[in-house]
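Undergrad: can you look at this prediction? I've put the sequence above it.
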Amino acid sequence: MSKTATKEYPLDKIRNIGIIAHVDAGKTTTTERVLFYTGRSHKIGEVHEGAAQMDWMEQEQERGITITSAATTCFWQDHRINIIDTPGHVDFTAEVERSLRVLDGGVVLLDGSQGVEPQTETVWRQAEKYHVPLLCFVNKLDKIGGDFYMTIDSIKERLTDKAIPVQLPIGRENEFKNIIDLLTMKAYEFQGTNGVEVVEVSVPEDMLEKASEYRMTLVEKLAESDDTLLEKYLGGTELAVSELQAALRKMTINTEIYPIYCGASLANVGVQKVLDGVISYLPSPKDVPPVRATNSKSNEEATIIADDDSDFVGLAFKIQSDPFVGRLTYFRVYSGTLQSGSYIYNSTQEKKERVGRILLMHANHREEVKEVRAGEIAAAIGLEAITGDTLTNDTNPVVLESISFAEPVIGKVIEPKTKNDRDKLGMALKRLTEEDPTLQLNSNPETGETLIYGMGELHLEVIVDRLKREFKVEVNTGRPQVAYRETIRKSVDKEGKYIRQSGGRGQYGHVVITMEPKAPGEGSEFEDKIVGGSIPREYIPAVEKGIKEASQSGIIAGYPVVDYKVTLTDGSFHEVDSSEIAFKLAASEAFKGAQRSADPYLLEPIMSVEVVTPEEFMGDVIGNLSSKRGQIEGNESRGKAVAIDAKVPLAEMFGYATELRGLTQGRANFTMEPSHYAEVPANIAQEIARKNA
């Protein structure tokens, strides 16, 4: 593939897109088709055969799911498309979050027999957060139950009323073979081996009326976007296809419209037309608004415009351990050009780094390049940057907005099997936490246990599996544990003193604090209100550090304390005996005392659970969820099944997959994702406190 290395593509010929969806909607199958049709691969790798190129990890091939977002580059109609195939399982939502942050557009896949599923909704909201223009591709229309019109209704109801079909399917379920393009009113059939030949055929007589109605709705919507078009349309002039396409492009880029395509990737129907849509309607790096940044020296706001000749600015969005080349830093270039072997300035960490080699990635295959330009996505060897770091040069030390991730909610005790494993475990976990911002470590100094925290049971399972396979570390694990939190109800004033006199120089620290509750989810805050020098300025950071450390282990059951504000109001010091350590310990004592007096209580993670079950088991499922302290929020029919929405404490959900199988003869499935934290009932809180005493 020398094509990438030799040919340069102008910015308007580049597309950075992600393929995003609920687990099992066919993302990787679709990406494999894209690679085949664009000449990137000469054989289609199938997920069910464990041969998909983009699912290159052993765990992905075994489970038939995507775990890490894989990047690749391909070419279509003289355009360069950088694609990130993201995971659909809710446990790997961080992979989607960081991918969306650096993409200009996305293709949202939907299973045509299921409509909008929970994770589709989650990724859609993530895309909205970053204002990412999207195309919808209704896949699997050849399946039993595949229904394009039901899926359109569910998109409008659950995602957005701005979505509109630009194609219609001809035939249903196993009869589905062709599609109608509503802008051109032409039909297409996908012939030859693997549907390579896209052949124009006539629109069937019995579809003409329906297609004309849908086209009229689309044309009206597009005409409204532009006064000149509207005038023409209302005057009865037929709008040219090129005018409609230009309007559709403009509206899609401005997220005023979301075009809906249809097809069946496994049956090789419709994928090339989606590629055409990516080129025609999704933005190039030039079409997206300039990226906002802050100058780290002057604190002034700066705008970063996609231009090869400007200062280099990039964002590190993913770290990956590669067994052959070591640590890879994936980054998106927002402006300028970066040469391999050159020095860059990491403005987030305020240090200089040298870029060893630059690679274009094709899943886990690598192609070395000498330089990358604005709008491109590549991986660098030799950097120490972490996810969210801004890479630039020291003459232009700007910092881009970092990437925020959800807090992990579930933990597991992990211990090495042998002394040899103990030595390797620390290094392996360090590498994994660098790669995955939602994986957190917590060591209990009293028990000597190491806890790993993640987004769900599958997430932790995969981490343990990776320790074994990639890092050759054998570990034992304990039962999953819930990441409880502690907080307070009322405001209190408290003083803390640390005074030690034992001959010679002593220790003296004295602080007075006010501790007050904050609204749920607002986090913690420290404010210094010392006036008149009652505590010298050099000891204030030690006070803040003492409070931060004390908040890591609350007084109810040793869980982190959240949603509070501590204000340092007063204190005193000793000319000789005061020290940073004394003030740190005094602050810690004040914090513990304040929490004790401020009516503390325990919080637990509540999950959004959706169970899709055949109607005859609906009563049993609802009864079972209610017995788990679940709150049923509603249900809706989905064909012959019912989707039940509930909010259930995570502590009650361990082993639910097995339980649900038993209740429904294995015919129901469920998804869950973190929703919020809520107060633990008093009797359960007492039990937790007793266990942790």
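TA: Looks like it arrived, so ask away.

Undergrad: residue ranges with poor pLDDT in the chain?
TA: Residues of the chain that meet the criterion pLDDT under 70 lie in 1-7, 23, 40-70, 85-98, 322-324, 361-365, 403-406, 444-448, 502-504, 639.

Undergrad: whichever strand in the chain runs longest pairs with which strands, parallel or anti?
TA: For the chain, the strand with the greatest residue count under DSSP state E is strand 600-614. Strands that pair with strand 600-614, judged by DSSP bridges, come out as strand 485-488 (antiparallel), strand 641-649 (antiparallel), strand 669-679 (antiparallel).

Undergrad: if you skip the residues just before and after it, what's nearest to residue 576?
TA: Leaving out its chain neighbours, the residue that sits closest to residue 576 by CB to CB, 6 or more residues apart in numbering is residue 505, at 6.5 Å. C-betas here are computed from N, CA, C, even on glycine.

Undergrad: can I assume the one you found sits in a helix?
TA: No - assessed with DSSP: H, G, I helix; E, B strand; the rest coil, residue 505 is coil; it does not lie in a helix.

Undergrad: based on its surroundings, how many neighbours for it?
TA: 11 (other CB atoms under 10 Å).

Undergrad: flag every buried residue along the longest strand of the chain.
TA: For strand 600-614, burial by neighbour count (16 or more other CB atoms under 10 Å) applies to 600-613.

Undergrad: the residue nearest to residue 576 contacts residue 578, doesn't it?
TA: No - contact criterion CB atoms under 8 Å: residue 505 and residue 578 do not qualify, at 10.4 Å.

Undergrad: how far away is the residue nearest to residue 576 from residue 539?
TA: Per CB to CB, to the nearest Å, residue 505 is found 16 Å from residue 539.

Undergrad: ok, back up a step: save the buried residues of strand 600-614 as a markdown table, and put in distance to residue 151 too.
TA: As requested, the buried residues of strand 600-614 are exported to a markdown table (distance: CB to CB, whole Å):
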| residue | distance to residue 151 |
| --- | --- |
| 600 | 48 |
| 601 | 44 |
| 602 | 42 |
| 603 | 38 |
| 604 | 36 |
| 605 | 32 |
| 606 | 30 |
| 607 | 26 |
| 608 | 22 |
| 609 | 23 |
| 610 | 17 |
| 611 | 20 |
| 612 | 15 |
| 613 | 20 |
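
Undergrad: and the residues you listed, which is closest to residue 458?
TA: Proximity of the buried residues of strand 600-614 to residue 458 (CB to CB) peaks at residue 607, which lies at 13.7 Å.

Undergrad: report the beta-bridge partners for the closest one.
TA: Assigned bridge partners for residue 607, using DSSP bridges, are residue 648, residue 674.

Undergrad: now do the same contact list for it.
TA: Going by CB atoms under 8 Å, 6 or more residues apart in numbering, residue 607 touches 409, 647-650, 653, 672-675.

Undergrad: any idea which of those is closest to residue 619?
TA: residue 648 (17.2 Å).

Undergrad: that closest one against residue 604, yeah?
TA: No - because the distance of 10.6 Å does not satisfy CB under 8 Å, residue 648 is recorded as not touching residue 604.

Undergrad: now do the helices in the stretch 101-250 of the chain.
TA: Remark: helices assigned in the stretch 101-250 of the chain by DSSP state H, counting those that start in this stretch are 118-129, 148-158, 205-223, 227-234, 241-253.

Undergrad: deepest-packed of those, please.
TA: Neighbour counts (mean count of other CB atoms under 10 Å) averaged over each of the helices of the stretch 101-250 of the chain peak at helix 118-129, with a mean of 20.

Undergrad: what distance separates that one from the middle of the whole chain?
TA: Averaging C-alpha positions (CA atoms, centre = their mean, to the nearest Å) puts helix 118-129 9 Å from its chain's average.

Undergrad: can you check stretch 308-323 too?
TA: Its chain's C-alpha centre lies 18 Å from the corresponding centre of stretch 308-323 when counted by CA atoms, centre = their mean.

Undergrad: quick one on the thing from earlier: which helix or strand lies directly C-terminal to the longest strand of the chain?
TA: Going down the chain from strand 600-614, the next helix or strand is helix 618-627, by DSSP states H and E.

Undergrad: which parts of that next one are buried?
TA: 618, 621-622, 624-625.

Undergrad: helices or strands next to that helix in the packing?
TA: strand 600-614, strand 631-638, strand 641-649, helix 656-664 (3 or more CB pairs under 8 Å, 6 or more residues apart in numbering; DSSP states H and E).

Undergrad: so what touches the shortest one?
TA: If I follow you right, that is strand 631-638. Looking at what lies outside strand 631-638 - CB under 8 Å, 6+ apart - the contacts are 114-115, 612, 618, 622, 625-626, 642-648.

Undergrad: hmm, 10 Å instead?
TA: Residues outside strand 631-638 that contact it (CB atoms under 10 Å, 6 or more residues apart in numbering) are 113-117, 145, 150, 154, 157-158, 606, 608-613, 615, 618, 621-623, 625-626, 642-649, 678.

Undergrad: test my guess that residue 110 contacts residue 140.
TA: Yes - applying CB atoms under 10 Å, one finds residue 110 in contact with residue 140, separated by 8.5 Å.

Undergrad: one step back: so which of the helices of the stretch 101-250 of the chain comes closest to residue 184?
TA: Taking CB to CB, helix 241-253 is the member of the helices of the stretch 101-250 of the chain nearest to residue 184, at 5.7 Å.

Undergrad: now do that closest one and helix 205-223, the angle between them.
TA: If you take axes from the mean of the first three to the mean of the last three CA atoms, to 10 degrees, helix 241-253 sits at 60 degrees to helix 205-223.

Undergrad: counting by contacts, list what the next helix or strand after helix 241-253 packs against.
TA: As assigned by DSSP H and E, the chain's next helix or strand after helix 241-253 is strand 258-262. When contacts are defined as 3 or more CB pairs under 10 Å, 6 or more residues apart in numbering; DSSP states H and E, strand 258-262 packs onto strand 105-111, strand 134-139, helix 148-158, strand 163-165, strand 167-170, strand 178-181, helix 241-253, helix 271-281.

Undergrad: strand partners of the fourth one, parallel vs antiparallel please.
TA: So that's strand 163-165. Here, using DSSP bridges, strand 163-165 pairs with strand 258-262 (parallel).

Undergrad: now residue 524: how far from residue 565?
TA: Distance from residue 524 to residue 565, by CB to CB: 7 Å.
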